[in-house]
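Participant: starting from these lines, generate the structure:
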Amino acid sequence: MSTNAPRSSGASGDGPSGPRNRALTALGAALSIACLVALGLWAVRQEAPTLPSGPVPLAELGAAIAFYLAGCAVRAERWHELLRYNGAQPRRADSYGLLAVGQFGNNVLPARAGDALRVVLLTPRARTDARTVIGTIVAERVLDVVVLVGLFVVLAYGVLGGVDVPSTSRLAFAALLVAGLLAAAGAAAWILHRRGRLRRVLAFIAPMAEATRRLRSNHGMRLLGITFAVWALEWVAWWLTARAVGIDLALLEIGYLMGLASIFALVPSGPGYVGTFDAAIVFGVRAVGRTGAQALSYLLLLRFVVTVPITLIGLVVLVFGYGGVGRVRALVRA
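Facilitator: Got it, this is the predicted structure:
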């Protein structure tokens with residue numbers, strides 16, 4: 001079952017090498033490059049960034065990494081529960097190990113390839129089909145978006161009323177864009193219905209939507225609580241990172257930055273949200289009244305905390321636990 005889904009997806013042009021994904025990858029790369037160029041031109045006009053030195057800042061940096069990895073562990077437990085609730089039979093070691101592999105893939109490979117690695121490697125081990133695994137990953141995204149967008153709205157427009165937020169015209173444009181996408185989806189559904197294909201399409205995607213649909217229950221409330229725990233741990237990690245680099249950011253300001261970064265992450269970008277994530281952090285730190293040099297220092301250290309350790313762990317797990325990249329390529333081609 002695990003090998004049929006990738007072949008059929010690729011045939012329809014929606015798989016990892018399909019034209020739609022190639023277009024999204026190209027768009028994401030273009031936006032990332034544009035953001036990086038703009039950030040580079042901005043950064044050369046700032047004072048040199050500062051990095052942790054001395055026992056206390058280095059201890060705070062180590063604690064930040066520990067809290068971030070703890071958040072990843074809770075995230076893996078959430079995925080494990082999602083899988084089991086939706087009929088899969090994963091080993092907890094696979095849920096944890098492949099969460100790290102997925103983080104590695106998303107940080108170094110284009111087009112969210114880490115999620116594809118999770119699907120390919122877990123499906124045969126969890127005695128389920130690829131669409132069910134995809135559905136649990138979609139449900140993860142939904143939970144994260146609900147928490148982080150809610151956090152951004154509450155902090156940016158409520159508690160921290162003085163910070164910079166997107167203008168009304170930009171919000172109106174975003175609303176029109178969402179409405180346009182919904183209208184396009186409705187038109188596509190109508191065309192499929194007229195051609196007699198809608199039922200088959202709905203039957204194909206139903207397993208991918210089931211995990212999200214089941215969130216409307218006590219199960220969903222429990223997972224929402226786990227999601228709050230995930231982001232609470234990351235919240236502390238981001239705060240400790242600021243302390244390690246010598247920036248006095250309040251916890252509420254850190255929450256604003258996290259929510260803002262989640263909004264920017266919705267924009268297509270390259271591996272690891274390169275460019276868009278960085279732009280969010282710089283904009284956010286400047287919005288809460290800090291200098292450009294402080295924004296640059298915080299960005300560099302935060303990038304290290306949230307990217308390097310988990311990427312290295314994921315690479316080690318992939319190589320020694322799942323046969324390495326060559327094994328994955330063989331599975332995809334099978």
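
Participant: and residue 260, how many neighbours?
Facilitator: When neighbours are defined as other Cβ atoms under 10 Å, residue 260 has 26 of them. Where you see a C-beta, it was placed from the backbone N, CA and C, and this is true even at glycine.

Participant: just confirm it contacts residue 277, I think it does.
Facilitator: No. Using Cβ atoms under 8 Å, residue 260 is not in contact with residue 277; the gap is 10.0 Å.

Participant: so what's residue 33 closest to, chain neighbours aside?
Facilitator: residue 275 (7.0 Å; Cβ to Cβ, 6 or more residues apart in numbering).

Participant: assess the claim that the one you found and residue 39 are in contact.
Facilitator: Yes. Using Cβ under 8 Å, residue 275 makes contact with residue 39 at a distance of 7.2 Å.

Participant: which one's more surrounded, those two?
Facilitator: Neighbour totals were compared for residue 275 and residue 39, and residue 275 leads with 24 against 17 (other Cβ under 10 Å).

Participant: for the more buried one, phi and psi?
Facilitator: Main-chain dihedrals, residue 275, degrees, to the nearest 10: phi 90, psi -60.

Participant: what about residue 35, neighbour count?
Facilitator: Residue 35: 23 neighbours (other Cβ under 10 Å).

Participant: and it, what does it touch?
Facilitator: Each residue near residue 35 by Cβ atoms under 8 Å, 6 or more residues apart in numbering is listed here: 269, 274-276, 278-279.

Participant: likewise residue 211?
Facilitator: Residues near residue 211 by Cβ under 8 Å, 6+ apart: 82, 85-86, 132, 135-136, 138-139.

Participant: do that again at 6 Å, thanks
Facilitator: Contacts of residue 211 were listed using Cβ atoms under 6 Å, 6 or more residues apart in numbering, and they are 82, 86, 135-136, 139.

Participant: and it, how far from residue 273?
Facilitator: 24 Å (Cβ to Cβ, to the nearest Å).

Participant: residue 50 now?
Facilitator: Distance, residue 50 to residue 273, using Cβ to Cβ: 24 Å.

Participant: neighbour count winner among the two?
Facilitator: Taking other Cβ under 10 Å, residue 50 and residue 273 do not tie; residue 273 has more neighbours (25 against 17).

Participant: check the gap between the nearest residue to the more buried one once chain neighbours are set aside and residue 68 for me.
Facilitator: By the measure of Cβ to Cβ, 6+ apart, the closest residue to residue 273 outside its immediate chain neighbours is residue 265, 5.2 Å from it. To residue 68, residue 265 is 16 Å away according to Cβ to Cβ.

Participant: cool, and residue 288?
Facilitator: 21 Å.

Participant: re earlier: so the residue nearest to residue 33 touches residue 38, yeah?
Facilitator: No. When contacts are counted by Cβ atoms under 6 Å, residue 275 is not listed as touching residue 38 (8.5 Å).

Participant: the closest residue to residue 115 other than its chain neighbours is in what secondary structure piece?
Facilitator: Leaving aside its chain neighbours, residue 115 sits nearest to residue 137 (5.3 Å; criterion: Cβ to Cβ, 6+ apart). Residue 137 belongs to helix 130-154 when assigned by DSSP states H and E.

Participant: name the surrounding residues that touch that helix.
Facilitator: Contact partners of helix 130-154, identified using Cβ under 6 Å, 6+ apart, comprise 2, 5, 82-83, 86, 115, 119, 122-123, 207-208, 210-212, 223, 227, 231, 255, 259-260, 262.

Participant: list the contacts for residue 100?
Facilitator: So residue 100 contacts 313-314, 317 (Cβ under 6 Å, 6+ apart).

Participant: torsion angles phi and psi at the closest residue to it other than its chain neighbours?
Facilitator: In space, and not counting its chain neighbours, residue 100 is closest to residue 314: 4.0 Å by Cβ to Cβ, 6+ apart. Dihedral pair for residue 314: phi -60, psi -40, per degrees, to the nearest 10.
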